[in-house]
Structures are given as structure tokens and as C-alpha cells.
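Visitor: When you get a sec, could you give me coordinates for this:
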Amino acid sequence: MINLPLLFALQASNAQVEGGLFDFNATLPLMALQFLTLTLIMNFIFYKPVSNVLDERDEYIRNSLTTASASLLKADELTSKYEQELAESKKEAQKIIKISQQEAQQIVSIKIKEAQKNAATLVSEASYQLNVQKEQALRTLEDQVDALSDRIKLKLLDNKSII
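Guide: This is a model prediction of the structure:
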């Protein structure tokens, strides 16, 4: 089909040598018809399928972008929601830690007071026991001193009566 116009062109050039750049003869409508036919064939065979593929691809890209935008918005919302929940959890954890520390401090102070009371009780009991033992020791000493002084008196009196 492509060779046909070339053949007509060669025959026309042999028949007429006057030609310039473009001759208006019987080959011109044939060339125009071939060009239009080629254009229609190319349009149906190549351009429309390629155009359809490009349109489908464009639609796919548009849908993908829309889906990605929606997913990104949802991800941003979830991120902000989780960040808020995390911040609230941190605040709550800080409160719990603070309360636990206060309770521990109270327990420690109560235990310290109890230990101080126990220590004071032990000291007072020990002091009382020491005082009791001191009193007993003093009584025993007084009794022994009285007994010794009585012995000394007796010995002195016995010695005086012998003399």
C-alpha cells in the first residue's frame, strides 16, 4: 500500500518532467485518500487503544491518589487521637506515681513514729528496770552496811568488855 503511491509518483515523474515541488495531478487525491485511510487505521488500531490505556491509567492514578489522601487523613486523625491518649495516660501515670509516693511517704513516717515510740518505750522500761535494780542494790547495801556496823559494834563491845 505504501509502495503504491511511490509507484504512481515514479510514473508521474516519467510522464511529466515539468514538476516543481508539488504537482497537482491524479496522484494527489490518491495520496490524500491513502493519508486519510492511514490516519483512520492508525486511529482505530493504535491511538484509541493507547488513549484508552492512558485514560485507564489516569483514572487509576486519580483513584490511588484519592485513596492515599483519605488514608493519610485517617492516619493523621488516628495519630492525633493516639497522641492525646498517650498524653492522658502519661498524666494519669504521673498522678498515680505522685499518689503512690505520698502514700509511701506516709507509711514511712508512720513506721518511723512507731519505731520512735517503741524505742522510747524500751528506753523508759530499761530506765525503770535500772532504777528498780538500783533501789534493790541500795537496799541490799544498806542491809549489808547495817549488818557490818552491827558486827563492828559487837566486836567493839566484846573487846571493851574483855578489857
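
Visitor: and the helix or strand hosting residue 77, what does it pack onto?
Guide: Secondary structure assignment for residue 77, by DSSP states H and E: helix 48-162. On a contact count with 3 or more CB pairs under 8 Å, 6 or more residues apart in numbering; DSSP states H and E, helix 48-162 meets no helix or strand. Yep, even glycine has a C-beta here, placed from its N, CA and C like the rest.

Visitor: ok now it, how far from the chain's centre?
Guide: Put simply, helix 48-162 sits 30 Å off its chain's centre (CA atoms, centre = their mean, to the nearest Å).

Visitor: So, low pLDDT: which residues of the protein?
Guide: Where the chain drops to pLDDT under 70, the residues are 1-23, 163.

Visitor: can we see that at 80?
Guide: Scanning the chain for pLDDT under 80 picks out 1-26, 159-163.

Visitor: Pick out the residue closest to the middle of it.
Guide: Taking CA atoms, centre = their mean, the centroid of the chain lies closest to residue 86, which sits 8.0 Å from it.

Visitor: Pull up the gap between it and residue 80, please.
Guide: According to CB to CB, to the nearest Å, residue 86 and residue 80 sit 11 Å apart.

Visitor: now swap in residue 56 and tell me
Guide: Counting by CB to CB, the gap from residue 56 to residue 80 is 36 Å.
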